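S.K.: no sequence on this one, just coordinates:
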């Protein structure tokens, strides 16, 4: 499985490098407003083609860019029911605290597990390569976290079951 | 090195403009103010703060002879600032726009200025002596999307504008009473002279060459377009380059263009004797970047996997971008303004970017480029 991880992450990194060319752009539809065009999708000429990078059927990454904002949606590998529940709960925990992450979106895009929204303001405050490092690091860490959680759930289940059944011996 | 000075003047600079004697610079530090700095014994002192706009100032231009500053902002307004005594006094220009103003430039004779806006129109403003105010005339022919950049032809009549719909349009801005009638070129105000549909992607940074014969602008698809003999039958060329798109260009001479953008280093393009434009090199690097670096990273990937250094390989690959090339700017470069002119050639220019740095460049130290310039 690790053999496809490196090229997958490199591909995402290179795509983000090209996609994260954002600039401040005031809204064309409403005067004096400045909105992330990727969320509004009101002017089709301001949107670029979305790129979908698939590692396999269950893991993919959708990168949608516009002139002033970029949306990255991830679908994390969920092998069984337990991972499904763990992923949902863990990512929901993170999304609820989206303010702390700044670039996280509160609700994932339909069909994905977690989404990031990066605007030109983030690119002005933070460095582009650091933002990309963060996203790629996040993707690596998610996998590790979920497997650790799964292992701890299984271990705990085993311990509890052993203790409980001891009384019947 | 081509860099003569680096100044960190703000956290993020949107745009900047120099005074006529290049002793003062007006810049927008990513808010609704204009800060004017003066170089006093190697230190930059903030002399004035111009506060009148409500929103981000997207364009500043300082006229050389009449010493007026024009600012355009996202709040749909534009002000012309006059220095009276030691204070800058603003005059509101009623642009009659209903969307943000995105770019502004004084005409070569400084009697008009052009404003590009998010209302998909270009606005030309001129001074009406009788009423003592600046009047604006909208060019009726609309673009299909926001106008990102405007540039005046040396003849003071033609204006080129680029837009996020991918097209570059050249209009005539002949105004009776302001412009002298030219018997050779009969044109009405707002007449579309040429529409260039060369780019499939958004276009920025249009500039005319010193003689007005060539036009250059950049597209977001990492292409720079050169158009010679602009008129009924223009000759267009495009140069595709490898890295991230550009934002602005500057004609250093008739045959050399410097482009700046998301790569954080200026790129030099030049035309040879036949008039074919090509990419020469980056400024601040001795030779052209070899195209083998991308392949190199794949090989290092393979080696990395064998020797369990995949983690290092990725971080090396990540740093194998402009950062390792000894760059000065850390974030996207927004604008490039000429500093000194020798005849029709520009030897020194300044760039400002989202990292808040104002960097002065000098081409005197770049021997190979000087040879191309003199050609």
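M.R.: All right, it came through fine. Computed from a predicted model, the values in this text were never measured in an experiment. Numbers count the residues shown, from 1 in each chain, chains lettered A, B, ... in the order given.
S.K.: What about contact with chain A: does stretch B:60-71 have any residue there?
M.R.: No. Against chain A, stretch B:60-71 shows no contacts by CB under 8 Å from any CB of the partner chain, the least distance being 14.8 Å. C-beta coordinates here come from the backbone N, C-alpha and C atoms, glycine included.
S.K.: ok, and does stretch B:207-223 reach over to chain A?
M.R.: Yes. Contact between stretch B:207-223 and chain A, assessed by CB under 8 Å from any CB, occurs at residue B:220.
S.K.: try stretch B:151-169
M.R.: Yes. Against chain A, stretch B:151-169 shows contacts by CB under 8 Å from any CB at B:164-166.
S.K.: Which of those residues are buried? Put it as a ChimeraX command.
M.R.: Here is the ChimeraX selection string for the buried members of the residues of stretch B:151-169 next to chain A, based on 16 or more other CB atoms under 10 Å in any protein chain shown:
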select /B:164,165,166
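S.K.: For chain A, give me the ranges with low pLDDT.
M.R.: Chain A contains residues with pLDDT under 70 at A:1-2.
S.K.: Run through the residues that contact the residue in it positioned nearest to chain B.
M.R.: As assessed by CB to the nearest CB, chain B sits closest to residue A:26 within chain A, at 3.7 Å. By CB atoms under 8 Å, 6 or more residues apart in numbering or on different chains, the contact set of residue A:26 is A:32-34, B:55-56, B:58, B:74, B:99-100, B:102, B:118.
S.K.: Need the residues of stretch B:151-169 next to chain A in CSV (columns: secondary structure and pLDDT).
M.R.: Formatted as CSV, the residues of stretch B:151-169 next to chain A follow (DSSP: H, G, I helix; E, B strand; the rest coil; pLDDT from 0 to 100):
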residue, secondary structure, pLDDT
B:164, coil, 92
B:165, coil, 92
B:166, coil, 91
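S.K.: burial of residue B:364, as a residue count?
M.R.: 11 (other CB atoms under 10 Å in any protein chain shown).
S.K.: Verify the contact between it and residue B:345 for me.
M.R.: No. Contact criterion CB atoms under 8 Å: residue B:364 and residue B:345 do not qualify, at 11.4 Å.
S.K.: So residue B:238 belongs to a strand, correct?
M.R.: Yes. Membership of residue B:238 in a strand is supported by DSSP: H, G, I helix; E, B strand; the rest coil.
S.K.: quick one: it and chain A, what's the gap?
M.R.: Counting by CB to the nearest CB, to the nearest Å, the separation of residue B:238 from chain A is 19 Å.
S.K.: Just grab the bridge partners of that residue for me.
M.R.: Legend: beta-bridge partners of residue B:238 under DSSP bridges are residue B:225.
S.K.: Correct me if wrong: it contacts residue B:226.
M.R.: Yes. Counting by CB under 8 Å, residue B:238 touches residue B:226, with 7.4 Å between them.
S.K.: Would you mind telling me which of those two has the busier surroundings?
M.R.: Each of residue B:238 and residue B:226 has its neighbours counted (other CB under 10 Å); residue B:226 has more, 22 against 14.
S.K.: which residues sit in contact with the more buried one?
M.R.: Contacts of residue B:226 by CB under 8 Å, 6+ apart are B:214-216, B:236-239, B:257, B:269, B:271, B:277.
S.K.: next one: residue B:190
M.R.: Counting by CB under 8 Å, 6+ apart, residue B:190 has contacts B:137, B:139-141, B:171-173.
S.K.: just the buried members of those residues?
M.R.: So, of the contacts of residue B:190, B:137, B:139, B:171-173 end up buried under the neighbour-count rule (16+ other CB under 10 Å).
S.K.: Redo those residues as CSV? Include secondary structure and distance to residue B:127.
M.R.: As requested, these are exported to CSV (DSSP: H, G, I helix; E, B strand; the rest coil; distance: CB to CB, whole Å):
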residue, secondary structure, distance to residue B:127
B:137, strand, 12
B:139, coil, 18
B:171, strand, 20
B:172, strand, 19
B:173, coil, 14
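S.K.: Check those residues and tell me the two furthest apart.
M.R.: Using CB to CB, the buried ones among the contacts of residue B:190 span at most 12.0 Å, a distance reached by B:137 and B:172.
S.K.: Residue B:179 touches residue B:172, doesn't it?
M.R.: No. In this structure, residue B:179 is not within contact of residue B:172 by CB under 8 Å, at 9.7 Å.
S.K.: contact partners of the host helix or strand of residue B:113?
M.R.: If you go by DSSP states H and E, residue B:113 is part of strand B:112-117. With contacts defined as CB under 8 Å, 6+ apart, strand B:112-117 is touched by B:59, B:61, B:70, B:72, B:76, B:78, B:95, B:97, B:99-107, B:122-126, B:136, B:146-150, B:152, B:156, B:159, B:161, B:163, B:173, B:175, B:178.
S.K.: Turn the contacts of residue B:190 into JSON lines, columns for pLDDT and distance to residue B:334.
M.R.: As requested, the contacts of residue B:190 are exported to JSON lines (pLDDT from 0 to 100; distance: CB to CB, whole Å):
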{"residue": "B:137", "pLDDT": "91", "distance to residue B:334": "28"}
{"residue": "B:139", "pLDDT": "90", "distance to residue B:334": "25"}
{"residue": "B:140", "pLDDT": "83", "distance to residue B:334": "30"}
{"residue": "B:141", "pLDDT": "81", "distance to residue B:334": "28"}
{"residue": "B:171", "pLDDT": "91", "distance to residue B:334": "25"}
{"residue": "B:172", "pLDDT": "91", "distance to residue B:334": "29"}
{"residue": "B:173", "pLDDT": "90", "distance to residue B:334": "26"}
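S.K.: Which single one of the residues you listed is nearest to residue A:120?
M.R.: residue B:139 (27.9 Å).
S.K.: Just give me the residue closest to the centre of chain B.
M.R.: residue B:248 (4.0 Å; CA atoms, centre = their mean).
S.K.: what's near enough to touch residue B:81?
M.R.: So residue B:81 contacts B:34, B:50, B:68-71, B:88-91 (CB under 8 Å, 6+ apart).
S.K.: Recalculate using a threshold of 6 Å.
M.R.: B:69, B:88, B:90 (CB atoms under 6 Å, 6 or more residues apart in numbering or on different chains).
S.K.: What separation do you get for it and residue B:228?
M.R.: Residue B:81 is 37 Å from residue B:228, where distance means CB to CB, to the nearest Å.
S.K.: try residue A:122
M.R.: 40 Å.
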